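A.B. asks: how does the following fold in three dimensions:
(chains A, B, C and D)
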Number of protein chains: 2
Amino acid sequence: MSADESSKGRPRDRSAGPALMAAARELVLARGYEDVSIRAIVERAGVGRQTLYRRWPGKADLVLDAFLESVDWVRAPDADLGVGAALERYFRDLFVNLREDAPAIRSLIASAQGDAEFLVRFRERFVEPRAVLVAAILERGVEAGELRGDIDVGATVAVLHGAFWYPMLLGEVLDDDRAKTLVDIVLRGVAR
Amino acid sequence: MSADESSKGRPRDRSAGPALMAAARELVLARGYEDVSIRAIVERAGVGRQTLYRRWPGKADLVLDAFLESVDWVRAPDADLGVGAALERYFRDLFVNLREDAPAIRSLIASAQGDAEFLVRFRERFVEPRAVLVAAILERGVEAGELRGDIDVGATVAVLHGAFWYPMLLGEVLDDDRAKTLVDIVLRGVAR
DNA sequence: TTACATACGGCACTGCGGTCTCGTAACATG
DNA sequence: CATGTTACGAGACCGCAGTGCCGTATGTAA
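C.D. replies: I've put the predicted structure just below:
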């Protein structure tokens, strides 16, 4: 699967892909996703346009690769933490790592709204790994007796992540306080 | 404010605006937001392109007007309902009204990600009215002693709405069960 | 009636995303 | 070496968003 070498014809220039990802990352960070044209990326990378389209379906997939390269930590939570502390730590880390990349992620979510195939890839690469991680924290909490046994883990994951997508997509700042408040609401609820 | 009649020069054709909104709504519902071109809208409305740009900054604002015309119910909650029932009713109604319009709303949220000025208008027209309404339900619940007195109303509003944005933007179905589960999690929390 | 101001439909223009073709380059096979 | 196959940079081409300009139409004010 990794060896997609047809072994026939001229081999691909192995430096072109990384050069395109680097160019895309630099330009998007400097000017913002929608102010960076495909033409500008390939020019900066010093390649032809087809060389990009031979590797990615379009700008969204290229930028997804370019940014997930650095965001793909998704580290496992410490097993000795309580659910509240583990969740808070997860979201604080997420917000820190997103401080620089949030505009790009927002634009990728936007791109996915009109492109069902890219939405699938974005889910696989960005959404699902984080959902799985949070689900694991919650299930650990259930087993430890910290959380109720009848909770809907999938729905809780969606509530937690939605609570961070919503302000992000509205252009608000994601700080530590928000992580704490968010986790507190979902754990304790607001009812008396 | 309503009489933006300069009283000088040729008056605007009063039928052009409604014709454009109707054309936009029909085409977007039929083909989807990103498959409808500005050119197609003005052609269907039987007007020139500048006639559109004289009234709206672009497609996003036109479609926002065209769809909020029908979505702008935002009815006040019944005062005799408990917080849980009022919230459930609110989200069930929201999901029903969005069953047809959700794709368009998704595309508008997408448009707002690369256009800060449109984001402001989208917040004012779509986000804030609903946030105010849910905040009122929550505050009523606090006064009635149904909710704790120390809750962060704004954060709770964000958690509730985020929990509906997240699945919507991921292309999932918004049904009554989701409304119930969502409200249940936020009210009761997941902790034991 | 004569200015003046604004709206109108139509169209040209630029820059973009995406597709396609050209001539050339780099590899494997025989 | 010759042949076949694929990648390469370059650039033509299409449809679109957005802007600007044209000649014309429709209103108000002198």
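A.B. asks: can you list the residues of chain A near DNA strand C?
C.D. replies: For chain A, the residues in contact with DNA strand C (CB under 7 Å from any atom of the strand) are A:7-11, A:36-40, A:49-50, A:53, A:58-59. All C-beta atoms are positioned from the backbone trio N, CA, C, and that covers glycine.
A.B. asks: buried subset of these?
C.D. replies: Using 16 or more other CB atoms under 10 Å in any protein chain shown as the burial test, the residues of chain A next to DNA strand C include A:36, A:59 as buried.
A.B. asks: out of the residues of chain A next to DNA strand C, which one has the lowest pLDDT?
C.D. replies: Within the residues of chain A next to DNA strand C, A:Ser7 has the lowest pLDDT, namely 76.
A.B. asks: which SSE is the residue lying closest to A:Gly32 once chain neighbours are set aside in?
C.D. replies: Nearest residue to A:Gly32, sequence neighbours excluded (CB to CB, 6 or more residues apart in numbering or on different chains): A:Pro103, at 6.1 Å. Per DSSP states H and E, A:Pro103 falls inside helix A:83-113.
A.B. asks: show me what the mean pLDDT comes to for the following helix or strand past that helix.
C.D. replies: On the C-terminal side of helix A:83-113, the closest following helix or strand by DSSP H and E is helix A:116-122. The average pLDDT for helix A:116-122 rounds to 98.
A.B. asks: what helices or strands is helix A:116-122 leaning on?
C.D. replies: helix A:59-71, helix A:83-113 (3 or more CB pairs under 8 Å, 6 or more residues apart in numbering or on different chains; DSSP states H and E).
A.B. asks: any low-confidence regions in chain A?
C.D. replies: For chain A, applying pLDDT under 70 flags the ranges A:1-6, A:70-77.
A.B. asks: what are the structural domain limits within chain A?
C.D. replies: A:16-58, A:73-188 (automatic domain parsing).
A.B. asks: of all these, which one is nearest B:Ser15?
C.D. replies: Between B:Ser15 and the domains of chain A, the shortest separation by CB to CB is 30.4 Å, and it involves domain A:73-188.
A.B. asks: does DNA strand D have contacts with that closest one?
C.D. replies: No: counting by CB under 7 Å from any atom of the strand, DNA strand D has no neighbours in domain A:73-188; the shortest distance is 12.0 Å.
A.B. asks: how about the most centrally placed residue in chain A: what's its closest non-neighbour residue?
C.D. replies: Chain A has A:Phe126 as the residue nearest its centroid, 3.7 Å off, counting by CA atoms, centre = their mean. Closest residue in space to A:Phe126, ignoring its immediate chain neighbours: A:Leu68 at 6.7 Å, by CB to CB, 6+ apart.
A.B. asks: residues near that neighbour, how many?
C.D. replies: Neighbour count of A:Leu68, defined by other CB atoms under 10 Å in any protein chain shown: 17.
A.B. asks: coming back round to it: filter the residues of chain A next to DNA strand C down to the ones near DNA strand D?
C.D. replies: Among the residues of chain A next to DNA strand C, the ones lying near DNA strand D by CB under 7 Å from any atom of the strand are A:8-11, A:49-50.
A.B. asks: which of those sits closest to B:Ala163?
C.D. replies: A:Arg49 (41.2 Å).
A.B. asks: OK, contacts around that closest one?
C.D. replies: A:38-39, A:42 (CB atoms under 8 Å, 6 or more residues apart in numbering or on different chains).
A.B. asks: of all the residues you listed, which comes closest to B:Arg130?
C.D. replies: A:Ile38 (36.8 Å).
A.B. asks: A:Leu52 is in contact with that closest one, correct?
C.D. replies: Yes: applying CB atoms under 8 Å, one finds A:Ile38 in contact with A:Leu52, separated by 6.7 Å.
A.B. asks: sorry, back to before: biggest separation within the ones next to DNA strand D among the residues of chain A next to DNA strand C, which pair?
C.D. replies: A:Lys8 and A:Arg49 (23.8 Å).
A.B. asks: closest to DNA strand D out of the residues of chain A next to DNA strand C?
C.D. replies: Here the nearest of the residues of chain A next to DNA strand C to DNA strand D, counting by CB to the nearest atom of the strand, is A:Gly9; it sits at 1.9 Å.
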